[in-house]
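Student: Give me a model of this one.
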Amino acid sequence: MNHEKTIAEIEWLERLYSLPDTRPLELTDLYAANQRHDEIYANNPWFRLWKRYGV
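Tutor: All right, here's what the predicted structure looks like:
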């Protein structure tokens, strides 16, 4: 097995995945982001008020 080639491929993948994703967001992406946001703030009393009454 060529260890240098494997290391080079891993480094290439690290550089590739460190780049920002420039694709436009789709509806499912926005839905998932909103769900994560809601889960993070679910126990916050101000967030619960906002979700319930839209204040």
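Student: going forward, measure contacts between C-alpha atoms and count neighbours the same way
Tutor: Fine.
Student: where's residue 6 relative to residue 31, distance?
Tutor: Taking CA to CA, to the nearest Å as the measure, residue 6 and residue 31 are separated by 37 Å.
Student: no, scratch that, I was asking about residue 7
Tutor: From residue 7 to residue 31 the distance is 37 Å (CA to CA).
Student: now swap in residue 9 and tell me
Tutor: 34 Å.
Student: what pLDDT does the residue nearest in space to the middle of the chain get?
Tutor: Taking CA atoms, centre = their mean, the centroid of the chain lies closest to residue 33, which sits 7.2 Å from it. As predicted, residue 33 sits at a pLDDT of 92.
Student: swap in residue 5?
Tutor: Taking residue 5 on its own, its pLDDT is 93.
Student: Over to residue 45?
Tutor: So, for residue 45, pLDDT stands at 93.
Student: Over to the one 10 residues further on?
Tutor: pLDDT for residue 55: 63.
Student: Going along the chain, name the helices of this protein.
Tutor: 3-18, 27-40, 45-53 (DSSP state H).
Student: The second one versus helix 45-53: what angle between them?
Tutor: Interaxial angle, helix 27-40 versus helix 45-53 (axes from the mean of the first three to the mean of the last three CA atoms, to 10 degrees): 130 degrees.
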